[in-house]
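Undergrad: sequence and predicted structure are below.
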Amino acid sequence: MSENSSELINEYKDQIRILRQEVAELQDAGKSKDSANKRCLQKLEHTNEDLEKANKKIKELENKLNKVEDTDD
């Protein structure tokens, strides 16, 4: 094998190493993003539950208020 061939092979090996590192970094970033999305979804679900509970309580209080107003008339 000539010196040029060895240089080319070494250059390709370096490029492959760099690409593997970049792939690993992208995979890690993807996993981090997935985790962040999961946390956000859970937070949204809990917030939605809290909103539903608050709306139910408001309805109950409105009904009580209407009953009190009806008895005062």
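TA: That came through fine.

Undergrad: so where's this protein shaky on pLDDT?
TA: Within the chain, the ranges that satisfy pLDDT under 70 run 1, 73.

Undergrad: what secondary structure does Glu45 sit in?
TA: The assignment at Glu45 comes out as helix when based on DSSP: H, G, I helix; E, B strand; the rest coil.

Undergrad: tell me which residue is most central in the chain.
TA: Among the residues of the chain, Asn37 comes closest to the average C-alpha position under Cα atoms, centre = their mean, at 0.5 Å.

Undergrad: which element is that one on?
TA: In the assignment (DSSP states H and E), Asn37 maps to helix 3-72.

Undergrad: distance from that helix to the middle of the chain?
TA: For helix 3-72, the separation from the chain centroid amounts to 1 Å (computed by Cα atoms, centre = their mean, to the nearest Å).

Undergrad: what helices and strands are in contact with that helix?
TA: When contacts are defined as 3 or more Cβ pairs under 8 Å, 6 or more residues apart in numbering; DSSP states H and E, helix 3-72 packs onto no helix or strand at all. Glycine gets a C-beta too; all of them are placed from N, C-alpha and C.

Undergrad: hey, C-alpha coordinates of stretch 23-37 in CSV?
TA: C-alpha atoms of stretch 23-37 as CSV (Å, rounded to 0.1, in the frame of the first residue of the first chain):
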residue,chain,number,x,y,z
VAL,A,23,-24.3,10.6,16.2
ALA,A,24,-23.8,9.9,19.9
GLU,A,25,-24.3,13.6,20.7
LEU,A,26,-27.4,13.8,18.6
GLN,A,27,-28.8,10.7,20.3
ASP,A,28,-28.1,12.2,23.7
ALA,A,29,-29.8,15.4,22.7
GLY,A,30,-32.8,13.5,21.4
LYS,A,31,-33.1,11.6,24.7
SER,A,32,-32.8,14.8,26.7
LYS,A,33,-35.5,16.4,24.5
ASP,A,34,-37.8,13.3,24.9
SER,A,35,-37.3,13.5,28.7
ALA,A,36,-38.1,17.3,28.7
ASN,A,37,-41.2,16.6,26.6
